[in-house]
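Q: Structure of the sequence below:
(chains A and B, ligands or ions: 2)
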Amino acid sequence: MTNIENPKVKIKARNMTVHYGDAQALHGIDLDLNANEVTALIGPSGCGKSTFLRCINRMNDVIDGCRVGGSLSIDEQDVYDAAVDVVELRARVGMVFQKPNPFPKSIYDNVAYGPRIHGMAQDRASLDALVERSLKRAGLWQEVKDRLSASGTSLSGGQQQRLCIARAIAVNPDIVLMDEPCSALDPIATAVIEELMEELRRDYTIVIVTHSMQQAARISQRTAYFHLGDLVEHGQTETIFTTPQHQQTEAYISGKIG
Amino acid sequence: MTDSHIVSSFDRDLADLNRLVARLGGLAEQQFAAAIDALENRDVSSIDDIIAGDSALDRLEQELNDRAIEVIATRAPMARDLRSILSAVKIASVLERVGDYAKNIAKRSRVIIQEETNRSDTISLARIADIVQGMLRQVLDAYATGNAEQAMDVWARDQEVDALYSSLHGDVLAVIAKGAEQASVSSHFLFIAKNIERIGDHTTAVAEQVYFQVHGSMPTDERPKADLASGPSVTT
Ligand SMILES: Nc1ncnc2c1ncn2[C@@H]1O[C@H](COP(=O)(O)OP(=O)(O)O)[C@@H](O)[C@H]1O
Ligand SMILES: [Mg+2]
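A: Numbers count the residues shown, from 1 in each chain, chains lettered A, B, ... in the order given. Ligands and ions are numbered 1, 2, ... in the order given. From the prediction side, this is the model:
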């Protein structure tokens, strides 16, 4: 178990660079992310938040013309090592996107999809149990337990997003990446997801991109401020939002022209 | 940090709060000066106005609190913006207290003017009043310009006020020991001196807020203390 005074580093990025063709999107990012914490990545659009997130589960690899440099390790294991099984990595590092994207399948099959392809359940009963546990962890079980065969797309936006979270955690990841997970949700659905994240961080390390300063302040323990592909400032969330050390950070969080 | 907010009405909200603090500060200064003038000139004619004038400070403080709550609720301020709103609220409450002390000085001055038989016997509070008025003016300037150094200068000057109060305390006791018929008048002098000394303390509280607003932390050094005669303390 880790505690906030003595956190364990889960993800360690060193001199991470990303190019899309000739354009450099990240200029050598050094960043340690702690286990069992929520880290919020903030900064103006195009500053490289999503690009950094995709470094963690090697989603940049599938983008044409994208080149990644530097090093990134999870639990001190190099994620970019040739021996790493990328499919396994992406199970270990789940991802939730801005727009809820359930498969056009039943609620049950949405959650069972990952465990099935990773061969995680021996029989129907253990798969049922895994689906139930994942839906419970995602705070959705009570709302869907009587209609597991209904289509995932029939749910409300907030429920769909929690279904995507259930799908991500069904394969037992260590890390959950969230790229603006609440930007398409109303305030109530947002609050439900925020409450859920506080729960989830007991079991997972969470990295979230958000454009809402209030959301970052509410849910994260650490905040990292990116600007034009550089990491400007990283620290305890309370410090970033009360006494940031850099003028650029202050200007951004205060809604000032930088 | 002179950058303006992208949403310019937010800047106007913050400027409104600053203006309210400035008005409150101006009123507190005025009330304090008028009370000291009434005492120094032994002039009762303005005392009713000073006492009645205190409610204007109460109203202004309330108005500022209401505006601050609105701005916090509607703008969700961060970092220095949030500090400046909290500071404005705290400074307003201090200035309202300064108004209370001024009112108390005015009330006691009336008794002194009515009961005093021989002015040559009494001590003068002109010097301590002058210093504290200067501190109040300076700390309000420091607030208006966001100058933490100027504010901390006021903080340091409070030491002088404490020392002066201690010596006045001794002087008053000596006067009381000399002649019993002046004891009541002398005790009012003592309370007025104490009120002035407290206003000095309050200016240092404003100074700390200016520092906090600029730096995001409270000044760390222990404030220099030179109050030798703590004496029996009296609440106002
Ligand atoms: N697939 C892509 N192809 C080319 N350029 C991209 C791609 N994705 C992002 N970029 C560029 O990289 C920079 C960082 O983008 P991104 O990481 O999406 O920023 P953010 O998430 O902070 O808005 C931007 O200039 C963006 O245009
Ligand atoms: Mg993005």
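
Q: which non-adjacent residue is nearest B:Gly200?
A: The shortest distance from B:Gly200 to any non-neighbouring residue, by C-beta to C-beta, 6 or more residues apart in numbering or on different chains, is to B:Val161 (4.0 Å). Bear in mind the C-beta positions are built from the backbone N, C-alpha and C, glycine included.

Q: That neighbour: how many residues sit nearby?
A: If you count neighbours by other C-beta atoms under 10 Å in any protein chain shown, B:Val161 ends up with 24.

Q: okay, how far is it across stretch A:110-123, tip to tip?
A: 17 Å (C-alpha to C-alpha, to the nearest Å).

Q: contacting residues around that stretch?
A: The contact list for stretch A:110-123, computed with C-beta atoms under 8 Å, 6 or more residues apart in numbering or on different chains, reads A:91, A:102-103, A:105, A:127, A:130-131, A:134-135, A:152, A:163, A:166-168, A:170-172.

Q: Could you identify the longest helix within chain B?
A: helix B:79-115 (DSSP state H).

Q: where exactly do the helices run in chain A?
A: Assigned helices in chain A, in chain order: A:49-56, A:86-92, A:107-117, A:124-137, A:141-144, A:157-169, A:187-200, A:213-219, A:237-242, A:247-253 (criterion: DSSP H).

Q: returning to what we had before: any idea how far ligand 1 is from the residue nearest to B:Gly200?
A: Applying C-beta to the nearest ligand atom, to the nearest Å, the value for B:Val161 to ligand 1 is 55 Å.

Q: show me the contacts for that residue.
A: Going by C-beta under 8 Å, 6+ apart, B:Val161 touches B:Ile128, B:Ile131, B:Val132, B:Met135, B:Ile196, B:Glu197, B:Gly200.

Q: again, only using 7 Å
A: Taking C-beta atoms under 7 Å, 6 or more residues apart in numbering or on different chains as the criterion, B:Val161 is in contact with B:Ile128, B:Ile131, B:Val132, B:Glu197, B:Gly200.

Q: Secondary structure added to these, as TSV?
A: Putting these into TSV (DSSP: H, G, I helix; E, B strand; the rest coil) gives the following:
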residue	secondary structure
B:Ile128	helix
B:Ile131	helix
B:Val132	helix
B:Glu197	helix
B:Gly200	helix
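
Q: Of those, which is the most crowded?
A: Going by other C-beta under 10 Å, B:Val132 tops the contacts of B:Val161 with 31 neighbours.

Q: tell me how far the lowest-mean-pLDDT helix or strand in chain A is from the chain's mean position?
A: In chain A, no helix or strand scores lower on mean pLDDT, DSSP states H and E than helix A:187-200, which sits at a mean of 91. Relative to the centre of its chain, helix A:187-200 is centred 14 Å away, using C-alpha atoms, centre = their mean, to the nearest Å.

Q: what's the answer for stretch B:186-203, then?
A: 11 Å.

Q: Same check on stretch B:141-156?
A: That offset, for stretch B:141-156, works out to 14 Å (C-alpha atoms, centre = their mean).

Q: follow-up on the earlier one: output the contacting helices and strands for the least confident helix or strand of chain A.
A: Packed against helix A:187-200, as judged by 3 or more C-beta pairs under 7 Å, 6 or more residues apart in numbering or on different chains; DSSP states H and E, are the following elements: helix A:157-169, helix A:213-219.

Q: Give the buried residues for it.
A: A:Ala189, A:Thr190, A:Val192, A:Ile193, A:Glu194, A:Leu196, A:Met197, A:Leu200 (16 or more other C-beta atoms under 10 Å in any protein chain shown).

Q: bridging residues for the residue most central in space within chain A?
A: Residue closest to the mean C-alpha point of chain A, counted by C-alpha atoms, centre = their mean, is A:Leu177 at 1.3 Å. According to DSSP bridges, the residues that bridge with A:Leu177 are A:Met95, A:Val207.

Q: Quick check: the farthest pair among the contacts of B:Val161?
A: Largest separation among those by C-beta to C-beta: B:Ile131 and B:Glu197, giving 10.2 Å.

Q: Would you mind identifying the helix or strand in chain B with the lowest mean pLDDT?
A: Scanning chain B with mean pLDDT, DSSP H and E, the lowest is helix B:148-178, at a mean of 91.
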